[in-house]
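Enquirer: Just to be clear, the model below is a prediction. Sequence and coordinates:
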Amino acid sequence: MSSISIIGTGNMARTISALAVAGGNTVEVMGRDHSKSADLAKALGGGATTGEWGAVPAGDIVIVALLSDGVVPAVAHYGDALAGKVIVDISNPFNSTHDGLAHREVTSIAQEVAKVAPAGASVVKGFNTVFRHVLENGRPDVFIAGDNAQAKAGVEAFIKSLGMRPMDTGGLEMAHWLEGAGLLTMGLARHGVGGWDFALGVTELPS
């Protein structure tokens with residue numbers, strides 16, 4: 001199984017970390033508020049630990065589960081502590097009305113993360129097209145994008161440990177289109193398409 005560090009203590013961080021523990025992965029929680037990180041790690045059980053904000057993550061895969069405007073600053077703050085790590089960006093940079101992306105250029109949060117990540121780190125986009133409640137209750141496909149084949153293989157193995165199917169969309173430039181797919185998913189949900197089980201690529205629901 002995988003060794004995972006999750007930066008953040010919000011809803012997606014809680015959901016992914018709970019699934020990770022259930023899937024037999026080693027999990028470390030890192031948040032700005034150490035008490036929240038400690039509380040989450042205790043609630044997770046399964047030997048989950050708490051890391052210090054900005055310190056070297058214990059996990060080989062570092063999932064940055066923050067709002068989109070906090071992802072790049074967090075990676076820049078960690079700096080060389082992320083050297084050699086696989087950084088997974090799960091964010092969606094929606095605008096204030098949730099009908100467009102916050103950035104106008106053909107880029108993505110993941111691509112911007114790659115610009116500030118230290119040498120030897122690899123960036124993968126993933127999980128942004130799946131709603132939290134679908135992760136909790138369904139078995140969705142999880143689309144990923146990244147330039148490093150070995151890094152993507154590690155993320156794919158982690159996704160499989162959650163009982164989900166990874167879908168490789170290509171290089172990191174595809175992260176822009178995954179963010180667009182996240183926007184499409186949001187638009188469909190806001191206009192009444194699907195119920196709790198709606199997500200791009202749901203392949204199996206629990207019996």
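Expert: Cool, got the structure. Numbering: from 1, shown residues only.
Enquirer: If you count contacts, what does the longest helix anywhere in the chain end up packed against?
Expert: The longest helix of the chain (DSSP state H) is helix 175-190. Counting contacts by 3 or more CB pairs under 8 Å, 6 or more residues apart in numbering; DSSP states H and E, helix 175-190 is packed against helix 109-116, strand 122-126, strand 139-146. (Each C-beta comes from the backbone N, C-alpha and C, glycine too.)
Enquirer: Can you name the next helix or strand after the second one?
Expert: Going back to what we said before, that points to strand 122-126. Going down the chain from strand 122-126, the next helix or strand is helix 132-137, by DSSP states H and E.
Enquirer: before we move on, back to that, pick the most deeply packed of the helices and strands packed on helix 175-190.
Expert: Mean neighbours per residue, mean count of other CB atoms under 10 Å, is largest over the helices and strands packed on helix 175-190 for strand 122-126, with a mean of 28.
Enquirer: Distance check, Val56 against Asp80.
Expert: According to CB to CB, to the nearest Å, Val56 stands 9 Å off from Asp80.
Enquirer: Check Val72 too.
Expert: Distance, Val72 to Asp80, using CB to CB: 16 Å.
Enquirer: The two: which has the busier surroundings?
Expert: Taking other CB atoms under 10 Å, Val72 and Asp80 do not tie; Val72 has more neighbours (21 against 12).
Enquirer: Let me know the helix or strand that the more buried one is in.
Expert: Going by DSSP H and E, Val72 is in helix 68-78.
Enquirer: Which other helices and strands does that helix contact?
Expert: Packed next to helix 68-78, using 3+ CB pairs under 8 Å, 6+ apart, are strand 61-64, helix 109-116.
Enquirer: I'd like the ones you listed laid out as CSV, including mean pLDDT and distance to Ser17.
Expert: Output for those, formatted as CSV (pLDDT from 0 to 100; distance: least, CB to CB, whole Å):
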stretch, mean pLDDT, distance to Ser17
strand 61-64, 98, 8
helix 109-116, 97, 20
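Enquirer: where does the residue nearest to the spatial centre of the chain land on pLDDT?
Expert: Closest to where the C-alpha atoms of the chain average out (CA atoms, centre = their mean) is Ile90, at 3.2 Å. Per-residue confidence (pLDDT) for Ile90: 96.
Enquirer: Now it, what are its backbone angles?
Expert: phi -110, psi 10 (degrees, to the nearest 10).
Enquirer: contacting residues around the nearest residue to it once chain neighbours are set aside?
Expert: Leaving aside its sequence neighbours, Ile90 sits nearest to Phe127 (CB to CB, 6 or more residues apart in numbering; 4.1 Å). For Phe127, the contact set (CB atoms under 8 Å, 6 or more residues apart in numbering) comprises Met12, Ile16, Ile63, Val88, Ile90, Leu135, Val142.
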